[in-house]
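# From the sequence below, what's the structure:
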Amino acid sequence: MRAPAAPSAAVSRQSHAYRQGLVLGLTMAEVMLLLVFCLLIATAVTLKRGQDARDVLEQRLRQAELAREADKRTSELLEKNSQLREALEARAASTDPAKVDEFWRKLVESAAVVDALAEKGLSRENLLAAADDIVQAERLKREGVDLSQAARNASLVAQIGKAFSGTAPSEEKIVEAIGKGLAAREASSGHRWPPIIKLSEADGYFFESGRAELGVNFTKTLRTSVADSLLKTARDYDVDVIEVVGHTDEQPLGSRSSNLDKGLQTALSNSSGVSALRPADNAGLGLARAIAVVGVLSEDKRLAGYKILPLSGAQLIKTDETLARGDTPGDVKERRRIEIRLRKSAASSNQP
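Numbers count the residues shown, from 1 in each chain. As a prediction, the model looks like this:
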């Protein structure tokens, strides 16, 4: 009689049989459940993709239906209104329904643009008149011009025009006005005065002893370099008065009668009359010489708008602008001079 198997051997056979029903540690039932779950996920993904594709197709279909409905209404409208259709065909230059419909859509889009512009303040009546301005604005924008800055510049130009009594000033006038404004601002803080032009015998500008007639070279200098300098200085400093001051040294003229009271007006109106003047003292001599210079400068048409005034410093003012005290009575060439000063008129502030 065979002896029964040991208990340990029976347990070992049962464990081996159990392991034969496992896959990756799972039973066959668990594996089947996992496969079914994966199939459900794949099915759900497929259904979702199909739903998305169907939604896209439905949206396109609705759009197509809307377009077809719009085309249908357009066609019905055109069929009912023969005059409108003929006008559209004439403008579209075709009887092809597709081209007519395309032209109609463009017409509708144009109407939408006109409505949008009207909402921004551009009326339908002014749209056609402003077409050139709109095109110009678009061209400037493409060229990189800031339209807002351009509008501010236009406002500035309008204000400048008002400052020039409503006239449109040239660029040169604007630059000149700005320069004057800057000069005036500097003058208000630093008191800038126009330079004094000095013409003395020591520099080669001669008068005959005791007389006021100008030499040839002296006259030529007054008409060229001196007049040019006066014009530039007057514009740079915005002045309108030119003062010509005649100075003498302290040598007395001697005893003689004067005819200045009778001859000054003639000499002022006719420079040739200077030769007839006979001053009796240095005060009169300085004035006569100033009148001679004024006569030459007044002939220059460029200085016609300025006030040119003759004055006399006689022998009282030294070259350093201090008063003479009779301490240099001799022949001093530097003292025999013409000084030309410029200033603004107290009664007028406008440049001629």
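# so where does A158 fall, helix or strand?
helix 147-163 (DSSP states H and E).
# If you count contacts, what does that helix end up packed against?
helix 131-142, helix 171-190 (3 or more Cβ pairs under 8 Å, 6 or more residues apart in numbering; DSSP states H and E). C-beta here means a position set from N, CA and C on the backbone, and glycine is covered the same way.
# Out of those, name the one with the poorest average pLDDT.
Here those differ in mean pLDDT, and the lowest is helix 171-190 at a mean of 67.
# On the C-terminal side of it, identify the next helix or strand.
Trace forward from helix 171-190 with DSSP H and E and the next one is strand 197-200.
# Please name every helix or strand in contact with that following strand.
strand 337-343.
# for the strand it packs on, what is the average pLDDT?
90.
# and that strand, C-alpha only, in CSV?
Once non-C-alpha atoms are left out, strand 337-343 reads as follows in CSV (Å, rounded to 0.1, in the frame of the first residue of the first chain):
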residue,chain,number,x,y,z
ARG,A,337,35.7,160.4,-33.8
ILE,A,338,32.2,159.3,-34.9
GLU,A,339,30.3,156.9,-32.7
ILE,A,340,27.2,155.1,-33.9
ARG,A,341,24.9,153.6,-31.2
LEU,A,342,21.8,151.6,-31.7
ARG,A,343,18.7,151.3,-29.5
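# buried residues in it?
Buried residues in strand 337-343, defined by neighbour count with 16 or more other Cβ atoms under 10 Å: R337, I338, E339, I340, R341, L342.
# just to revisit the earlier point, is it possible to export the helices and strands packed on helix 147-163 to a markdown table including distance to E69?
Converted to a markdown table, these look like this (distance: least, Cβ to Cβ, whole Å):
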| stretch | distance to E69 |
| --- | --- |
| helix 131-142 | 34 |
| helix 171-190 | 62 |
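# Mind putting these into CSV with distance to S298 and mean neighbour count?
Formatted as CSV, these follow (distance: least, Cβ to Cβ, whole Å; neighbours: other Cβ atoms under 10 Å):
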stretch, distance to S298, mean neighbour count
helix 131-142, 51, 11
helix 171-190, 24, 12
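# D146 versus the residue most central in space within the chain, what's the distance?
With distances taken as Cα atoms, centre = their mean, the residue of the chain nearest its centroid is N153 (5.3 Å). Distance of N153 to D146, given as Cβ to Cβ, to the nearest Å: 10 Å.
# same question, F218
Taking Cβ to Cβ, one finds F218 at 58 Å from D146.
# Could you check which of these two is surrounded by more residues?
Using other Cβ atoms under 10 Å as the criterion, F218 and D146 rank with F218 on top: 21 against 11.
# hey, which helix is longest across this protein?
Determined from DSSP state H, the single longest helix within the chain is helix 28-80.
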